[in-house]
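>>> Everything below, folded, please.
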Amino acid sequence: MPSVITVRALRESDYPEWLPLWDGYNAFYGRAGPTALDPEVTATSWRRFFNPDEPMFALVADSGGKLLGLTHYLYHRSTTRIALTCYLQDLFTAPDARGQGVGRALIQAVYAAAKKTGIQRVYWQTHETNAAGRLLYDKVAKHHGFIVYAHDV
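Sure, this is the predicted structure:
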C-alpha cells in the first residue's frame, strides 16, 4: 500500500509517468493497438491541460514521487443550472495501486476543485462492465439512471 497519497495538479515534467497511465486508461476502454487514439489527440489534450484559456484540468495521485493515477476533468455550461458543471472525463489507477484509495482520492480532489470554483455538480460516466470502478462510484456518488448515447458526425 502506498505510504502517503498526494493528489496534485499535473506538471509538465510528469509526462514520462503520465503517458503510461494515459495509455493504460485508453487500453482499458479498448483504445490500443489498431484502435489507439491518434497521437495528435494525446498531444492536444496534454497542451490543453497547461493552457489557462482551456477549461480542461488534470490531477495525478503521487506517492513518493511515483504517479499512481490520473484524472482529467472539464467545466462546461448546462441548460439546467446557472453555475458551471464539472465533467470528470477520465479516471485511472495503475493496476498495482488499485484498492488502495487512489481512485477515491482523485474523485474527492475533483470534488474539492469544483467546489472551490463554485460548481455544485460533478458527474462522469463509465462502462457498464466496469464492476470494480462501479463499486467505488456507488459509494461516492449517486447513479441517476441515465443511459448515454453517442454518434460521431
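>>> lowest average confidence, helix or strand, in this protein?
helix 131-140 (a mean of 92; mean pLDDT, DSSP states H and E).
>>> which other helices and strands contact that helix?
Applying 3 or more C-beta pairs under 8 Å, 6 or more residues apart in numbering; DSSP states H and E, we find helix 131-140 packed against helix 102-116. Quick note: C-beta positions are derived from backbone N, CA and C, even for glycine.
>>> List of residues touching the helix it packs on?
2, 5, 7, 57, 59, 61, 68-71, 73, 75, 86, 88, 91, 93-94, 120-122, 133, 136, 139-141 (C-beta atoms under 8 Å, 6 or more residues apart in numbering).
>>> In strands only, show me the residues you listed.
7, 57, 59, 61, 68-71, 73, 75, 86, 88, 91, 93, 122 (DSSP state E).
>>> what's the closest of those to Asp14?
Minimum distance to Asp14 across those is 9.0 Å, recorded for Leu70 (C-beta to C-beta).
>>> so the closest one touches Tyr25, yeah?
Yes. Taking C-beta atoms under 8 Å as the definition, Leu70 is a contact partner of Tyr25 at 7.1 Å.
>>> Show me which of the two is the more surrounded one.
Between Leu70 and Tyr25, counted using other C-beta atoms under 10 Å, the more crowded position is Leu70 (24 against 18).
>>> Just grab the bridge partners of that one for me.
Val60, Phe92 (DSSP bridges).
>>> Which residues are in contact with it?
10, 18, 21-22, 25, 58-61, 90-92, 106.
>>> do you know how far it is from Leu10?
For Leu70, the distance to Leu10 equals 7 Å [C-beta to C-beta, to the nearest Å].
>>> joint contacts of the two?
18, 58-60.
>>> Count the residues that sit near the closest residue to Leu68 other than its chain neighbours.
The shortest distance from Leu68 to any non-neighbouring residue, by C-beta to C-beta, 6 or more residues apart in numbering, is to Ala97 (4.1 Å). When neighbours are defined as other C-beta under 10 Å, Ala97 has 19 of them.
>>> who's in contact with Ala97?
Ala97 neighbours (C-beta under 8 Å, 6+ apart): 2, 61, 63, 68-69.
>>> Going by distance to Glu128, which of those wins?
Gly69 (21.8 Å).
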